[in-house]
Every structure is written in C-alpha cells, then in structure tokens.
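K.L.:
fold the following for me, if possible:
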Amino acid sequence: MMVQKEQMTSPVIGIIGLGIMGGIMAETLLGSGFKVIGFDLEKAACKRLSRAGGEPLKSTQDVVYKADIMITSLATSQALRLVYTQIQEALSKSPKKLILVETSTLPMADKELIAQQLKKPGVSLLDCPISGTAARMKDRAWTIFVSGNKKICQQISPIFKCLSDNAPYVGAYGNGLKMKMIANHLVAIYNVASAESVIFAKKIGLDPKEVLDIFGPSPVIGTGVMRLRMPFMIDRKYTPATMKVEVWQKDMQVIGELAKSVGCPLPIFNATAPIYTAAMAQGFALEDTASTAEVIGTMAGLYHGRKGKKPHDFL
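P.N.:
The predicted structure is shown next:
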C-alpha cells in the first residue's frame with residue numbers, strides 16, 4: 001500500500017544495508033515519492049534499488065555526502081561498527097547536518113558505542129529497531145520503536161508513517177532496542193508454545209487445524225505468532241522463511257546478554273533456547289523458526305527427525 005508523504009522538505013534518504021528489510025524500506029519510500037540513495041556490499045541488492053528507481057552509490061561515505069537522512073539496517077555487530085566508523089570518518093572530512101536512523105537489532109553495547117562515536121554538532125542519532133517480517137510490511141504491520149531526541153523524531157515522522165501504521169515514540173535513545181527485546185522475548189516463547197500445542201494436539205488425536213481455527217481468532221488465547229506460524233507447523237513446510245532460525249539465534253543472544261547485564265532471570269525464555277538450537281542442529285538454520293515444531297515432534301516420537309534443507313536447495 002503506497003502512502004503519500006506528508007508536508008516535509010523533500011530530504012534525500014540514504015540507506016546502508018539493502019537486504020530484505022533495508023530493500024523493502026527503500027522500495028516503500030520510493031513508492032511514496034521520496035528520493036532514495038543507498039549502498040550495500042552485495043551488487044544484487046544495489047541492482048534491486050536501481051530497478052525500484054533509487055540510486056545506488058559506490059560507498060557508505062558517498063551516501064553520507066549526499067544524504068540528509070540516513071537509515072542503517074545491518075545484520076551483525078561487525079557491520080554496524082564498520083559502517084559507523086566510515087560515517088564518522090566521512091563527517092570528520094566534511095562536517096554537515098545529518099540525521100541517522102539505526103534500525104538494526106544488535107547488542108546495546110554496540111548501540112552505545114556508535115552513539116559515542118557520533119557526538120558531533122548537527123548530527124542526530126536515533127535508535128529505531130523494527131519488529132515484523134518482510135511479509136508483514138506489505139500489510140503495513142511493522143512496528144517501529146522510535147527512540148532518541150523527541151524533536152528530531154517528530155521532524156522525520158512522515159518517514160516513519162510512510163513505512164508503518166505503528167511507530168510509537170518510546171523515549172530516550174536505546175529504549176527502541178529495549179522495547180524490541182521485550183517483543184522478541186515474547187515471540188520466542190509464543191513460537192515454541194505454538195509448536196508445542198500443535199504436537200500436543202496431534203498426540204491426543206485432535207486436528208491442529210481445528211485448534212488454530214478455534215483459538216487463533218481468540219482475543220485471549222490467540223496471538224499474531226500463532227496465526228503466522230501455526231500454518232507452517234501444520235503443513236510442515238518452513239520456506240520461504242518469515243524469520244530464519246540462524247538469524248533468530250542472534251536475537252536470542254542479544255536478549256540473553258541484556259537480561260544478564262541487569263540481573264534479570266528469564267526462566268521461560270531460557271527454556272526455549274535449546275529448542276531453537278536443536279532446530280539449527282537438525283538442519284533448519286535457513287528455514288522458518290516454525291521448524292521448532294519438528295524438534296518437539298521428534299521429542300514426542302511423532303516425527304522421525306526430518307532434516308532441514310541444505311543451503312544449495314535455496315539457490
């Protein structure tokens with residue numbers, strides 16, 4: 001669904017990291033009339049931006065020089081540190097006003113590090129992680145947890161509204177990541193609980209499709225995770241993935257580290273961790289996290305250890 005941009009001086013938006021999430025953001029912004037430039041190490045991602053009407057550039061530094069607002073969507077701490085070092089170097093050579101919107105789900109220590117790096121006049125850094133899958137973006141069902149300088153967040157709110165119907169302001173820089181961690185903490189539990197319910201239903205002779213039909217719409221028992229993932233579990237088909245197990249492992253680690261840093265026990269969350277690890281071990285790394293149903297089904301003697309797809313199966 002295309003949303004026209006609100007009244008706002010037309011900024012040049014630069015996106016670093018044009019993967020699944022960054023690529024969709026670029027296409028959505030372009031569809032709403034924003035000018036988008038970007039960079040990604042993967043040539044295919046840059047070609048996708050070009051096909052959508054955007055302008056791929058040759059480096060992060062080139063994006064810094066031309067953008068008014070930059071959005072970063074990165075998969076690893078290493079990538080985040082490298083990109084923000086490059087941004088810092090570019091700004092040192094050519095100081096300018098710049099708003100940076102960091103959307104990655106990475107450790108708090110990394111977010112704090114880049115905040116220290118970019119304490120420069122005219123530079124504003126926001127922490128705005130995204131909760132939701134690529135498929136959910138088409139329904140404008142992402143949640144963007146907006147945090148940082150409130151005035152700056154309000155200034156660029158048309159961009160958030162272009163990307164999602166749900167972009168709450170959650171306070172000071174870093175609160176965005178914290179809110180995302182609470183969301184993912186619940187998703188980790190709900191996903192395994194849904195898998196457990198599917199296997200339990202089968203073991204006692206119920207049709208799990210009926211379970212989903214009855215409980216999925218329930219305002220008390222039903223969850224978005226149940227409605228999204230149970231169909232995968234029932235059909236035992238886990239591709240295309242809405243969230244790959246190997247990517248989810250990174251988020252699980254970030255949640256665990258944050259909880260440990262504040263001395264907060266997470267007994268139910270921690271109980272789900274071995275299920276995701278077992279899914280990795282059974283070969284489901286590149287498949288959906290709904291594949292946790294295969295792990296529990298094997299434990300229950302219902303399934304017999306179906307292996308996940310090999311990497312070459314996705315080529």
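
K.L.:
which stretches of the protein aren't confidently modelled?
P.N.:
Within the chain, the segments meeting pLDDT under 70 span 1-8, 135, 305-315.

K.L.:
and with 90 instead?
P.N.:
1-10, 20, 120, 132-142, 242, 304-315 (pLDDT under 90).

K.L.:
could you pull out the strands in it for me?
P.N.:
12-16, 35-39, 55-56, 69-72, 98-102, 123-127, 130-131, 143-144 (DSSP state E).

K.L.:
which neighbouring elements make contact with the last one?
P.N.:
Just to be clear, that refers to strand 143-144. For strand 143-144, the elements it packs on are strand 130-131, judged by 3 or more Cβ pairs under 8 Å, 6 or more residues apart in numbering; DSSP states H and E. C-betas here are computed from N, CA, C, even on glycine.

K.L.:
and Ile144, how many neighbours?
P.N.:
26 (other Cβ atoms under 10 Å).

K.L.:
that one contacts Ala167, correct?
P.N.:
Yes - counting by Cβ atoms under 8 Å, Ile144 does reach Ala167; the two are 4.1 Å apart.

K.L.:
find residues that contact each of the two.
P.N.:
Cys128, Phe160 (Cβ atoms under 8 Å, 6 or more residues apart in numbering).

K.L.:
Lys202 is nearest to which of the strands of the chain?
P.N.:
The minimum distance between Lys202 and the strands of the chain falls on strand 130-131, with 30.3 Å, by Cβ to Cβ.

K.L.:
skipping adjacent residues, who's closest to Gln117 in space?
P.N.:
Gln88 (5.0 Å; Cβ to Cβ, 6 or more residues apart in numbering).

K.L.:
one step back: and of the strands of the chain, who's closest to Lys203?
P.N.:
Per Cβ to Cβ, nearest to Lys203 of the strands of the chain: strand 130-131, 32.4 Å.

K.L.:
what helices and strands are in contact with that closest one?
P.N.:
strand 143-144, helix 175-203.

K.L.:
ok, Asn175 - how many residues close by?
P.N.:
Using other Cβ under 10 Å: Asn175 sits among 16 other residues.

K.L.:
for the one 4 residues further on, same thing?
P.N.:
Other residues near Met179 number 20, with proximity taken as other Cβ under 10 Å.

K.L.:
what do you get for Tyr190?
P.N.:
Residues near Tyr190, counting by other Cβ under 10 Å: 17.

K.L.:
domain map for this protein?
P.N.:
12-173, 178-314 (automatic domain parsing).

K.L.:
kindly check the end-to-end length of the first one for me.
P.N.:
If I follow you right, that is domain 12-173. End-to-end distance of domain 12-173 (Cα to Cα, to the nearest Å): 23 Å.

K.L.:
bridged to Val12, which residues?
P.N.:
Lys35 (DSSP bridges).

K.L.:
now for it: which residues touch it?
P.N.:
Lys35, Val36, Ile37, Lys66, Ala67, Asp68, Ile69.

K.L.:
buried subset of those residues as a ChimeraX selection?
P.N.:
If you want just the buried ones from the contacts of Val12 in ChimeraX, going by 16 or more other Cβ atoms under 10 Å, the selection is:
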select :35,36,37,67,68,69
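
K.L.:
which residues are in contact with Phe85?
P.N.:
To be clear, residue 85 is Thr; Phe isn't right here. Thr85 touches Gln117, counting by Cβ under 8 Å, 6+ apart.

K.L.:
repeat that for 6 Å
P.N.:
Contact partners of Thr85, counting by Cβ atoms under 6 Å, 6 or more residues apart in numbering, are absent.

K.L.:
which residue lies farthest from the center of this structure?
P.N.:
Largest separation from the mean C-alpha position in the chain: Gly205, at 36.6 Å (Cα atoms, centre = their mean).

K.L.:
quick revisit: in TSV, list the helices and strands packed on strand 130-131 along with distance to Phe160.
P.N.:
Formatted as TSV, these follow (distance: least, Cβ to Cβ, whole Å):
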stretch	distance to Phe160
strand 143-144	5
helix 175-203	11
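
K.L.:
select, out of those, the one closest to Gln117.
P.N.:
helix 175-203 (16.6 Å).

K.L.:
what packs against that closest one?
P.N.:
Helix 175-203 sits against helix 208-215, helix 224-235, helix 245-261, helix 267-281, helix 292-299, with contacts defined as 3 or more Cβ pairs under 6 Å, 6 or more residues apart in numbering; DSSP states H and E.
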